[in-house]
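> Structure, please.
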Amino acid sequence: MKRPTRPTVKRVGLAALRAVVVAGAAGGVVQAAQATSWSADLSSATTRASAAGAPTALTSSTVICPGAELSGISGVKDVAVPAKVAAAAAPADAVQALLGRAPGAGTLGVGSVTAGARPSASGTNRAVVVGGVPASGAVGVSGAGGLAPGVVATQEWRVDSKDLRGLVSVPCGSAVDNAWIVAGGGDPGRQERLVLVNPGANVVTADIAMYGAAGAIVSPNGNDVVVPAHGRATVLLDAISSAEKTPVVHVTTAGGLVYAAVNDTWTDGSVAAGSDDASPVAAPATTLVIPAVAVNGPTKVRVAVPGNHDAVVQLRTIGPGGGSPLPKGGVATVKAHSVGEFDLGGLPAGTYAVQVTADEPVVAGALAIRRASGAPGDFAWSGASAPISAVAGAAFVPSSGAGAVARALTLVSSGDPASAEVTVVDASGTPTVRNVEVPADSTAAVALPAGTSQVWVRRTAGEGALRGAVVSTSGAGAAQLLATANLAPAPLTTLTTRVLALP
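So this is what the prediction gives:
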C-alpha cells in the first residue's frame, strides 16, 4: 500500500536532530534536553552526531495514557467513564541490580499532558500513585530523579450498566512514529475510536491506514490527521470503513511522535456487549507470541500481512505442558496487504499463549469473548508483544469488596527456558519476591493476591524469549468482565549522544 509522499528535509542538521530524538525515544519518551549533550549549529548543513556514549540512567521519563476514550469527537455524544490511572516505578532492588547502584530520591506524578499542567496526583516513594483522567484529554505520567527509571502505568475503568459494559485495562506507553493495532469489527452497533496523543511541543500529522479481509482499505479520511501539541485527536474508524469485519490499523506520523490506542465498544441492538482498549502490538515479524489469551467461549486470532507477498501462517498454543497445534485450521495462507482469522473457540477453557509463525512478516492480536446468546457480555483484546529485555511491569488501582477485580500473571518463554524474578506489591506498598522458572515453549501462571497494586518481572537467566501479561476479571462464566494487558517495558537508561559541528 502506497503512503502519501512527504517533502524531503534537505538540511543535514535536521536529519542529525531526528537521529538524536529517535535515540532518546528508544529508551522511552524522555526529555531530549536532559538526555542529550548538545554542541551544534542546526542552521548549518555541516553537522554530525558523534558516536553514542555509554548508557546513563534516566533522570526524567514520561509515559502516555489515552484519557477518557469515549469523548472528544465532534458530533458524537461523549460518554463519561470512571477511568483512573495507576503508576509506579520499578522496585529499588531491581533498579540496583540492573544499574549497579541504588536509585536516589525522586518524584512520580499523574496529570494532563497539557503544557504546564500540574499533576493531579503525585508521590515520592515506590508505592502506586493513582490519579483520575480529565473529561476530555490525555494523561501523562512523569518520573523524575530516582523515580524516573522503570516507570509504568495502566489506565483502567469498569462499567456494568444497561448501555455500556466492560472492564477496560490498557497499559500506558511511549509515543512512536509507527504503530500497528489489532482491534474492531463490523458488527452492527460496534464503534471503534482511535485515540492519538501528542506529548510534544510541535503539531504532529498522522496517517491512518486500515487492512481487512479483502485487502488494504483506502480512504482520504485517514490522511493528514492533525494532532495538536500537548494534545489529543480522536478519530472514529467508521469514517475509514464501517463494514470491515476484521480491521487492523496502521498509524504513521510526520513531524513527531504519538501514543496510539483503539477503544472498541459494542452495543448489540439495545444490549451492551462489551468494551475494551487495544494498544499497539509488536512490529511485523515472522515469529510472534501473544503472551495471554483467556479462552472460555468464542476466541479468534487475527493476523495481518503488511507486505507485498502472501504469507503462509501457522499457529500453535503454548501452555504449562508445552506447545500444541490447533485442533483444526492452524495453517492458512493470508494474502498480501490482507487479514486472516484463526478460530480458538474449540479449546478447553484456560489461558494460553499463542505463537504465530509465517514466511513473511505479520502482525497479530487475539479477541476473547464472554457472552451468552442475546445477553450482556464483554470481550478482551490481547496483542503480540516484544520479549522482556530487562524489567517489565504493570500498576493497578487496588480493588476489594463486591465486584473486585481478580488478576493473574502469565509468563511464557519461547525457544529456550528462562528464569524470572517476580515482585508483587500489595496495596500498602509491601513487596513479595519469588523466583519463577519457565521451561522452553511453556507458560507459568502466577496468581496475584487481592489488592495487588503492582507486578514486576525481571529476567535473571536463560536464553528463552520471555514475555508476560496480566488477565483481569470480575465475575464468572458468560457474564464475566474481562481484560488482558501485556506487561509494559520499563526503560531504565538512555544513550547520551553528542552532536558536534564540523570544522
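
> ranges for the strands of the stretch 351-500 of the chain?
Using DSSP state E, counting those that start in this stretch, the strands found in the stretch 351-500 of the chain span residues 377-383, 391-395, 406-414, 418-425, 431-438, 442-448, 454-462, 465-474, 481-486, 488-489, 493-495, 498-501.

> Give me whichever of these is most buried.
Of all those, strand 391-395 carries the top mean neighbour count, a mean of 28, counting by mean count of other Cβ atoms under 10 Å. For the C-beta atoms, the positions are set from N, CA and C on the backbone; glycine is no exception.

> What's the mean pLDDT across that strand?
Mean pLDDT, computed over strand 391-395, is 98.

> next one: stretch 268-275
96.

> so residue 287 makes contact with residue 359?
No - Residue 287 is not in contact with residue 359 according to Cβ atoms under 8 Å; the separation is 10.7 Å.

> Contacts only, for residue 322.
By Cβ atoms under 8 Å, 6 or more residues apart in numbering, the contact set of residue 322 is 439, 441-442.

> Just checking: what are the partner strands of the helix or strand where residue 303 lies?
Assessed by DSSP states H and E, residue 303 sits inside strand 299-304. Note on strand 299-304: by DSSP bridges, its sheet partners are strand 339-343 (antiparallel), strand 350-371 (antiparallel).

> The strands of the stretch 351-500 of the chain: which one's closest to residue 104?
Among those, strand 493-495 comes nearest to residue 104, with 15.1 Å by Cβ to Cβ.

> Check which residues of stretch 382-390 are buried.
382-388, 390 (16 or more other Cβ atoms under 10 Å).

> what do you get for stretch 328-339?
So, applying 16+ other Cβ under 10 Å, buried residues of stretch 328-339: 330, 334, 336-339.

> So which of the residues you listed belong to strands?
334, 339 (DSSP state E).

> Out of the buried residues of stretch 382-390, which is nearest to residue 471?
For the buried residues of stretch 382-390, the nearest to residue 471 is residue 382 (8.4 Å; Cβ to Cβ).

> can you tell me how far the closest one sits from residue 291?
7 Å (Cβ to Cβ, to the nearest Å).

> Overlap in contacts, the two.
With Cβ under 8 Å, 6+ apart as the test, residue 382 and residue 291 both reach 469, 486.

> quick revisit: how about the strands paired with strand 299-304 in a markdown table, adding mean pLDDT and distance to residue 129?
Shown next, in a markdown table, are the strands paired with strand 299-304 (pLDDT from 0 to 100; distance: least, Cβ to Cβ, whole Å):
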| stretch | mean pLDDT | distance to residue 129 |
| --- | --- | --- |
| strand 339-343 | 97 | 39 |
| strand 350-371 | 98 | 29 |
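
> out of the ones you listed, deepest packed?
strand 350-371 (a mean of 23).

> where are the low-confidence patches of the chain?
1-54, 495-503 (pLDDT under 70).

> picking that back up, I'd like to know which of the strands paired with strand 299-304 is closest to residue 424.
The minimum distance between residue 424 and those falls on strand 350-371, with 17.7 Å, by Cβ to Cβ.

> could you check the angle strand 406-414 makes with the closest one?
Relative orientation of strand 350-371 versus strand 406-414 (axes from the mean of the first three to the mean of the last three Cα atoms, to 10 degrees): 130 degrees.

> mind checking how far strand 350-371 is from the chain centre?
The chain centroid and the centroid of strand 350-371 are separated by 15 Å under Cα atoms, centre = their mean, to the nearest Å.

> what's the angle between it and strand 377-383?
Using the same axes, to 10 degrees, strand 350-371 lies at 140 degrees relative to strand 377-383.

> Wait, residue 71 touches residue 79, no?
Yes - at 6.9 Å, residue 71 counts as touching residue 79 under the criterion of Cβ under 8 Å.

> who's more crowded, those two?
Counted by other Cβ atoms under 10 Å, residue 71 and residue 79 do not tie: residue 71 has more neighbours, with 21 against 14.

> Which residue, other than its chain neighbours, is closest to residue 482?
residue 380 (4.4 Å; Cβ to Cβ, 6 or more residues apart in numbering).

> any idea how far that neighbour is from residue 366?
9 Å.

> go on, residue 82?
27 Å.

> next one: residue 270
Taking Cβ to Cβ as the measure, residue 270 falls 28 Å from residue 366.

> residue contacts, residue 115?
Contacts of residue 115 (Cβ under 8 Å, 6+ apart): 201, 229-230.

> of those residues, closest to residue 306?
Closest to residue 306 out of the contacts of residue 115 is residue 229 (29.6 Å), distances taken as Cβ to Cβ.

> tally of neighbours for the closest one?
Around residue 229 there are 15 residues (other Cβ under 10 Å).

> try residue 136
15.

> Can you show me the strands along the stretch 201-350 of the chain?
Counting by DSSP E, counting those that start in this stretch, the strands of the stretch 201-350 of the chain are 204-212, 215-217, 225-227, 231-236, 248-254, 259-268, 271-278, 285-295, 299-304, 311-319, 322-325, 331-334, 339-343, 350-371.

> how close does the residue most central in space within the chain sit to residue 224?
Of all residues in the chain, the one closest to the mean position by Cα atoms, centre = their mean is residue 279, 3.9 Å from it. Separation of residue 279 from residue 224 (Cβ to Cβ): 24 Å.
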